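Trainee: The sequence and its predicted three-dimensional model are supplied below.
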Amino acid sequence: MPLIKLDSVSFKYPDSRTQALKDVSLSIDKGEYVAVVGNNGSGKSTLVRLFNGLRSSDSGAVLVKGLDPALRGSLFAVRSAVALVFQSPVDQIVSSCVEEDVAFGPSNLGLPNEEIERRVSAALDKVGMTELRGRPTRSLSGGQQQKLAIAGALAMNPECLVFDEATSMLDPRTKLAVLELMEELVTQGMTVVHVTHDMNDAARAGRIIALEAGRIAYDGSPARFFLNLPDLADDDPPAAPAGGGIAALAMGFDLPKTIAAAGLFGLRPSLDDDIETLAGRIASARDPCPEMAPSPASEARNEAASEPVFSFRDVSFSYLRGTAGEVRALENVSFAVRKGWRVALVGKTGSGKSSALQLFNSLIQPSQGSVISFGQDTKSASLDARKLRITAPLSIQRPESALFEIYAADDVAFGPRNLGISGAPLVDRVRKWMDSAGIPYDTFRDRMTRGLSGGEKRKLALAGVFALESEAVLLDEPTAALDPSSQKAVFGLLERVSLQGRTVVFATHSMEEAAQADMVAVFRDGRLADFGSPREIFYDRYDSGWGIALPYAVGLAKRLKDLGVRIDGNPLTLEALRETLGFSSAPGQAGATPESGGPS
């Protein structure tokens, strides 16, 4: 008997005009490792909430261990069997202390104190939070909250653990540790369902279920999903046939990095390629042109062009200062941001990035030192904090939690309306930024905000921040929980805004995004470990002790150099690396040939 079985299930939210799920049938067996993928709004979160009775289908049947979750008498057994880690971890944090929060679930199972303590300790150890067990939950970073939510679910010792974008705000090393934990749980017999937008994560699963507009567009192996792709011209790929490998491209998904790299270099990719194997294959298959000019650099703008917009001067900050629970978030941080720069804040989970962002516009104030924003000390009694926060608005780590208007367009219009804009100019501005953020005005203007998917809410919140058309924008993990096409759209928007002379500061765990910034600030344990251009940070001064990964293209280029391949220009992207090596055909086309005439 399958652990989870859905038969012709459909579901529609009361405030929505469209069905979230349409005639979905699937079964998941004990011990399976399943990745659920799909664009924002495709129905992923709704689907997994059916697994433990958080949602009840409008039609069709849902069975968990043969029990119907819609029946009140079955709920305890169903939710004991299937634990869910929410997309927004704060939604399942119920206690003020870390260890008490992890103990909450096991306590409700009526377990003896010794067993509860054993489970709490084991769960915290598995997510690397043993040292934080006594910390107040309110002082945790977003990534630490995600780890706490995972620990709480693990402590329930369920038969199936569902992760709904539960790694989206984790640094690369912590994320890898959680992914390895998923694999370990599967080897121990647990069923793991991972909802993710990261195709590298999805490729680790044994099975991929892809949703499109509430229907199952693909259900099968990762190899068939990613690799059975015909040669594609520059035209848009055709619609995805159910079960066809082209579904990955047709739905706008990125390929896993190793596969994408192989495709860029005209090699037949293998799903289990790692960076060393792939580098060796490229090095042996290609003979790059020694005369090839390096790809154009994207260095920081001229520092002499303007005075700093923001300056940190020996800044320290502590949460719960002066109490027994005091947590030092930042210590002696100094750096400056100039007009028009895109600055990426990177570092391990809990390294101080979010705290730094809140200091820029005086949402919090330094415990020591000073922050100068647009020429004013944020601790000055004469500071107009409201004006500063309009000049430099912050999109928080979970911006969707700040939505409050009933209808989508009204939420985006709120800020501009408070600036005195009305009538046709207001409509034009709202339309401009909703369209730019990938949540089209004509489609979403009259949609109820609470009926939007998590990703749609995030894009709507970002549109509201950009609609202020402020001099600077502060963004905390702006692309977390967005599908690949939406991530690209948002990041392209950041580039366009900065080219207009506006300053953009964003925190990210994606080193591919950081590599596209003008400057990168590396945080480590609350201190500024380094500050420089992406090439300086990732090529000249990179330190593995920072706890951040290299951009994939940089790691691949360094490996190729180790193998004796000449690479000029220190490329930061796969496309730049391909061009530097002299490959002439379009990226992603099979059978590409290099200008140097090397073997195919």
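Mentor: Everything's here; your move. Residues are numbered from 1 along each chain as shown.

Trainee: pLDDT weak spots in the stretch 501-600 of the chain?
Mentor: Along the stretch 501-600 of the chain, segments meeting pLDDT under 70 span 584-600.

Trainee: now with 90?
Mentor: 501, 547, 552, 555-557, 559-569, 573-600 (pLDDT under 90).

Trainee: need the contact list for the residue nearest to the spatial centre of the chain.
Mentor: Centroid-nearest residue in the chain, with Cα atoms, centre = their mean: Ala480, separated by 2.7 Å. Contacts for Ala480 were tallied using Cβ atoms under 8 Å, 6 or more residues apart in numbering; they are Glu165, Ser168, Met169, Gln397, Arg458, His509. Where you see a C-beta, it was placed from the backbone N, CA and C, and this is true even at glycine.

Trainee: do Arg321 as well
Mentor: Contacts of Arg321 (Cβ under 8 Å, 6+ apart): Ser367.

Trainee: same deal with Gly206?
Mentor: Glu32, Tyr33, Val34, Val186, Ser221, Pro222 are the contacts of Gly206 under Cβ under 8 Å, 6+ apart.

Trainee: run the last query once more with 6 Å
Mentor: Contact analysis of Gly206 by Cβ atoms under 6 Å, 6 or more residues apart in numbering lists Tyr33.

Trainee: Okay, it and Phe225: tell me how far apart.
Mentor: Here the criterion is Cβ to Cβ, to the nearest Å. By it, Gly206 lies 12 Å from Phe225.

Trainee: how is the protein carved up into domains?
Mentor: Split into domains by automatic domain parsing, the chain comes to 4-227, 310-546.

Trainee: In CSV, list the ones you listed along with distance to Ala260.
Mentor: Below are the domains of the chain laid out as CSV (distance: least, Cβ to Cβ, whole Å):
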stretch, distance to Ala260
domain 4-227, 9
domain 310-546, 11
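
Trainee: out of these, nearest to Ser284?
Mentor: domain 4-227 (20.9 Å; Cβ to Cβ).

Trainee: what about that closest one, start to end distance?
Mentor: Terminal residues of domain 4-227 lie 28 Å apart, using Cα to Cα, to the nearest Å.

Trainee: do the same with stretch 429-446
Mentor: Using Cα to Cα, the two ends of stretch 429-446 sit 16 Å apart.

Trainee: for the record, mean pLDDT for it?
Mentor: For stretch 429-446, mean pLDDT is 94.

Trainee: quick revisit: I'd like to know which of the contacts of Ala480 are buried.
Mentor: Among those, the ones that count as buried by 16 or more other Cβ atoms under 10 Å are Glu165, Ser168, Met169, Gln397, Arg458, His509.

Trainee: Using a markdown table, please lay out those residues together with distance to Arg313.
Mentor: Below are those laid out as a markdown table (distance: Cβ to Cβ, whole Å):
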| residue | distance to Arg313 |
| --- | --- |
| Glu165 | 37 |
| Ser168 | 33 |
| Met169 | 29 |
| Gln397 | 25 |
| Arg458 | 33 |
| His509 | 27 |
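
Trainee: Can you mark which positions in stretch 568-588 are buried?
Mentor: 569-574, 576-583, 585, 588.

Trainee: how about low-confidence regions in the stretch 301-450 of the chain?
Mentor: In the stretch 301-450 of the chain, residues with pLDDT under 90: 301-307, 319-327, 349-350, 395-402, 438, 450.

Trainee: any chance you could map the strands in it?
Mentor: Taking DSSP state E, counting those that start in this stretch as the test, the strands found in the stretch 301-450 of the chain are 308-319, 327-338, 342-347, 368-373, 376-377, 394-395.

Trainee: Ile567 in helix, strand or coil?
Mentor: coil (DSSP: H, G, I helix; E, B strand; the rest coil).

Trainee: That one: what's it in contact with?
Mentor: The contact partners of Ile567, taken as Cβ under 6 Å, 6+ apart, are Ala557, Leu560, Lys561, Thr580.

Trainee: what two of these are the furthest from one another?
Mentor: Lys561 and Thr580 (11.3 Å).

Trainee: I'd like to know how many residues surround Arg118.
Mentor: 14 (other Cβ atoms under 10 Å).

Trainee: pLDDT averaged over the host helix or strand of it - what is it?
Mentor: Under the criterion of DSSP states H and E, Arg118 resides in helix 113-126. Averaging pLDDT along helix 113-126 yields 94.

Trainee: tell me which residues in it are buried?
Mentor: Neighbour counts over helix 113-126 (16+ other Cβ under 10 Å) mark Ile116, Arg119, Val120, Ala123, Leu124, Lys126 as buried.

Trainee: Kindly report the same for stretch 354-372.
Mentor: Those would be 354-367, 369-372, for stretch 354-372 by 16+ other Cβ under 10 Å.

Trainee: Stretch 383-399 too?
Mentor: Leu388, Arg389, Ile390, Thr391, Ala392, Pro393, Leu394, Ser395, Ile396, Gln397, Arg398, Pro399.

Trainee: for that stretch, how far is the first residue from the last?
Mentor: 25 Å.

Trainee: now Tyr218, which residues is it bridged with?
Mentor: Under DSSP bridges, the beta-bridge partners of Tyr218 are Ala210.

Trainee: That one against Ala210, yeah?
Mentor: Yes. Using Cβ atoms under 6 Å, Tyr218 makes contact with Ala210 at a distance of 4.0 Å.

Trainee: if I pick Leu359, what's in contact with it?
Mentor: Applying Cβ under 6 Å, 6+ apart, the residues near Leu359 are Val371.

Trainee: same thing with Gly143?
Mentor: Taking Cβ under 6 Å, 6+ apart, we find Gly143 in contact with Met169, Leu170, Thr349.

Trainee: Doesn't the second one belong to a strand?
Mentor: No. Under three-state DSSP, Leu170 falls outside any strand and is assigned coil.

Trainee: which residues touch it?
Mentor: Counting by Cβ under 6 Å, 6+ apart, Leu170 has contacts Gly143, Gln146, Thr349.
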